[in-house]
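In: kindly return the folded structure for what I paste below:
(2 chains, ligands or ions: 1)
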Amino acid sequence: MNRIQQLFQNKKSNILNIYFTAGHPNLNDTEIIIRELSGAGTDLIEIGMPYSDPLADGLTIQQSSSIALKNGMHLDLLFEQIAAARQHTEIPLIMMGYFNQVLQYGVDKFMEQCKTSGIDGLILPDLPLYEYEKDFKNIFEKNNIAISFLITPLTEEHRIKKVDELTRGFIYMVSSNSTTGGGSEINQKQKEYFERIHEMNLKNPRLIGFGISDHASFNNACQYAQGAIIGSAFIRALDKGKDDIKPTIREFVSQIKNDPIVINQVQ
Amino acid sequence: MYKVDDRGYYGKFGGAYIPELLHPCVEELRRNYEKIISQKDFQKEFEQLLADYVGRPTPLYFAKRFSDHYQANIYFKREDLCHTGAHKVNNTIGQILLAQRLGKKRIIAETGAGQHGVATATVCALMGVDCIVYMGEKDIERQAPNVKRMKMLGAEVRPALSGSKTLKDATNEAIRDWINNPDNTHYIIGSVVGPHPYPEMVAKFQSVISKEIKKQLLEKTGNENPDIIVACVGGGSNAAGAFYHYLNEENTRLVAVEAAGLGIHSGETAATSVIGSEGIIHGSRTLLMQTSDGQIVEPYSISAGLDYPGIGPLHAHLISSGRAEAISVTDEEALRAAYFLSRKEGIIPALESAHAFAAMEQMDYEKGDTVVLNLSGRGDKDLATYSKYFEKFNEK
Ligand SMILES: Cc1ncc(COP(=O)(O)O)c(C=O)c1O
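Out: So this is what the prediction gives:
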């Protein structure tokens, strides 16, 4: 069992997963961000591998990716940074990026690097289910790397079942049909979608992502799934508070969790 | 042997490497397009518009002075005579008819040089539907006349501000738009690129080019198969159209001409099949220009229509299997070819097409070979570039 599966076994609700783009705001912030997020009570961390052509991402993540690449972020460095952070925390770590990055690096080498640096899972939104099952599932399993596939309000039932069959860890439940950073209040249609999925009794837990930005939207999402994922809102907070990111991170997490004790520590 | 398989692969190239968010859009198209385009009424309307609106069949012209010069029997396939000035409109006519039958009221497209944008804006005006064209901010500056055309045709031109602000980023923006508007929108992609079923679908719409070549060459020479067909490759749609009905005619050589820019190893090039490697771009597994970390590299060519860091999966397959030969032509060689063609035959070609003509200088052929050069577009849009370099490269 890896750290992701362990987390979901121990914790059944209000799971907070935070995404950041590695190399943003500064090239060497990765370790600090991971340690602070983990110290502030985040349950899971998604490390974005900045990409030149992030198709599924909205403006905020696009811009953070461009900055990260300009800063000089690349995969060998990122794996070193992750390995360094891993010395200090047992929080589940996931890498998120585009499949071409893994393909070019070499799938075998990438998996090995994940394993040695302490990565527990991957999210590769453009890796198709069929190709994963045919060509890559074995390598993921051999290295004990979990994989999360995405579902959206428009994903058909037979596909959701396939996603559930192939996912190890959690299903990434996209709240609305949009690129990242879109969406806001949970509306009636989304509620129906969340409930429809809930009633399918999938074997994997679910985290809701896209458009979760604050305590209210986090709480709301947690009513329909085991937890939620925050990306763009955290990146915007880092942008704003980049001069001193440690308190920025603590404050952000405690605001999401509405956790007064941590807020007091910061003040 | 060169047909796409059920999953959208040509050999090992192709497929649909797309985020789940895009899946419903692409899947709706995949499920319906073959059925729709094989319907009688679709074919009738498509052929009618190609004839009466586009002006097809385009001539297959025997170029006597050119033939004498190169000591071969050289024919030009005159796609430059299509309405809007390039082959791009063959595809946009097909896709707008498809979009109508899918009930889509809003059209999006990407464009680099603006030719596909103009061809899309044109068919949207023809059918009375909304048209939004994404164009890199840099290209908007470089291709001002086509931006004006699109606007006059009623389209909205939206600048792509992300990444390198050129064609690949305009394509990203169009895909993001589609993700956010899955219900009412159809994305008219401009070349044989993107996720399955786009490469095959666009190739089918463009295949009218080789269908006509076969018929016309038979009438003119008694043999429908030339020795060589030459076409330039940006994404590869005019080449796919010119090659399509010859893919299994192994005695006809297929020559794909890429833009070498300032030279293959200059760092300023778009010669994807030479310096590219296997990877994924815009949802397709194919050859592309990228770093060892899989970051997509910005290409360079004087011709905005060839300035794309990938090639369609069909061409990746044809080239790597040896069925097609790849030739790369520099900016300077293309310019010289354009001036030469203008003087010799009275035809000013698009800069893209000029690359195909320049290939005559380096291609192996036997004296007396029958060669078809695909003249994909006319040069009006490139006049500013042509006059800039005229003194330097025009030989009197
Ligand atoms: C005249 C002309 N030829 C060729 C191309 C290249 O595209 P493709 O390789 O899809 O034919 C373009 C693209 O804008 C063009 O305008």
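In: who touches the strand or helix carrying residue A:19?
Out: Assessed by DSSP states H and E, residue A:19 sits inside strand A:15-21. With contacts defined as C-beta atoms under 8 Å, 6 or more residues apart in numbering or on different chains, strand A:15-21 is touched by A:7-8, A:33, A:37, A:41-48, A:50, A:61, A:64-65, A:67-68, A:94, A:96, A:205, A:207, A:209, A:218, A:222, A:226-231, A:234-235, A:238, A:253, A:256-257. In this view, the C-beta of every residue, glycine as well, is placed from N, C-alpha and C.
In: likewise for stretch B:128-138?
Out: B:96, B:99-100, B:104-112, B:114, B:117, B:120-121, B:124-125, B:143, B:147, B:150, B:153-161, B:164-167, B:169-171, B:173-174, B:177.
In: all strands for chain B, in order.
Out: All strands of chain B, identified by DSSP state E, fall at B:9-10, B:13-14, B:60-62, B:73-78, B:106-111, B:130-136, B:156-160, B:185-188, B:228-232, B:253-261, B:277-281, B:284-288, B:324-330, B:370-375.
In: show me what the longest one is packed against.
Out: With contacts defined as 3 or more C-beta pairs under 8 Å, 6 or more residues apart in numbering or on different chains; DSSP states H and E, the secondary structure elements packing on strand B:253-261 are strand B:228-232, helix B:237-243, helix B:272-275, helix B:313-320, strand B:324-330, helix B:331-345, helix B:351-358.
In: that older thread, just the ones of the contacts of strand A:15-21 in strands?
Out: Short answer: those in strands (DSSP E) are A:44-48, A:94, A:96, A:207, A:209, A:227-230.
In: so which of those residues is the most crowded?
Out: residue A:229 (30 neighbours; other C-beta atoms under 10 Å in any protein chain shown).
In: close enough to count as contact, that one and residue A:212?
Out: Yes: counting by C-beta atoms under 8 Å, residue A:229 does reach residue A:212; the two are 6.5 Å apart.
In: the closest residue in space to residue B:325 that isn't next to it in sequence bridge partners, please.
Out: Nearest residue to residue B:325, sequence neighbours excluded (C-beta to C-beta, 6 or more residues apart in numbering or on different chains): residue B:255, at 5.1 Å. When bridges are called by DSSP bridges, residue B:255 pairs up with residue B:230, residue B:325.
In: just want the residue of the stretch 1-150 of chain A that's nearest chain B.
Out: Nearest residue of the stretch 1-150 of chain A to chain B, counting by C-beta to the nearest C-beta: residue A:104, 3.3 Å away.
In: A strand includes that residue, no?
Out: No: with DSSP: H, G, I helix; E, B strand; the rest coil as the criterion, residue A:104 is located in helix rather than a strand.
In: now do the contacts for the residue nearest to residue B:325.
Out: Going by C-beta under 8 Å, 6+ apart, the list of residues near residue B:255 reads B:228, B:229, B:230, B:231, B:324, B:325, B:326, B:327, B:359, B:363.
In: same deal with residue B:209?
Out: B:58, B:77, B:79, B:87, B:90, B:238, B:241, B:242, B:244, B:374 are the contacts of residue B:209 under C-beta under 8 Å, 6+ apart.
In: which one among those gets closest to the ligand?
Out: Distances from the ligand to those, taken as C-beta to the nearest ligand atom, are shortest for residue B:238 (3.5 Å).
In: for chain B, which element, helix or strand, carries the lowest mean pLDDT?
Out: None of the helices or strands of chain B scores lower by mean pLDDT, DSSP states H and E than helix B:137-142, at a mean of 88.
In: is the ligand within reach of that helix?
Out: No: judged by C-beta under 6 Å from any ligand atom, helix B:137-142 stays clear of the ligand, getting no closer than 10.4 Å.
In: narrow the contacts of stretch B:128-138 to those in helices?
Out: B:96, B:99-100, B:117, B:120-121, B:124-125, B:147, B:150, B:167, B:169-171, B:173-174, B:177 (DSSP state H).
In: what subset of the residues you listed is also close to chain A?
Out: Among the ones in helices among the contacts of stretch B:128-138, the residues that sit close to chain A (C-beta under 8 Å from any C-beta of the partner chain) are residue B:169.
In: I would like a ChimeraX command selecting only the buried ones among the ones in helices among the contacts of stretch B:128-138, please.
Out: Only the buried entries of those go into this ChimeraX selection, using 16 or more other C-beta atoms under 10 Å in any protein chain shown:
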select /B:96,99,100,117,120,121,124,147,150,167,169,170,171,173,174,177
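In: centre-most residue in the chain?
Out: Because you didn't say which chain, this covers chain A. Note on chain A: the residue nearest the mean C-alpha position is residue A:46, at 3.4 Å, using C-alpha atoms, centre = their mean.
In: I was after chain B.
Out: Central residue of chain B (C-alpha atoms, centre = their mean): residue B:237, at 3.3 Å.
In: roughly how far apart are whichever residue of the stretch 201-350 of chain B sits closest to the ligand and residue B:360?
Out: The ligand sits closest to residue B:305 of the stretch 201-350 of chain B, with a gap of 2.6 Å, by C-beta to the nearest ligand atom. Look at residue B:305 and residue B:360: by C-beta to C-beta, to the nearest Å, they are 20 Å apart.
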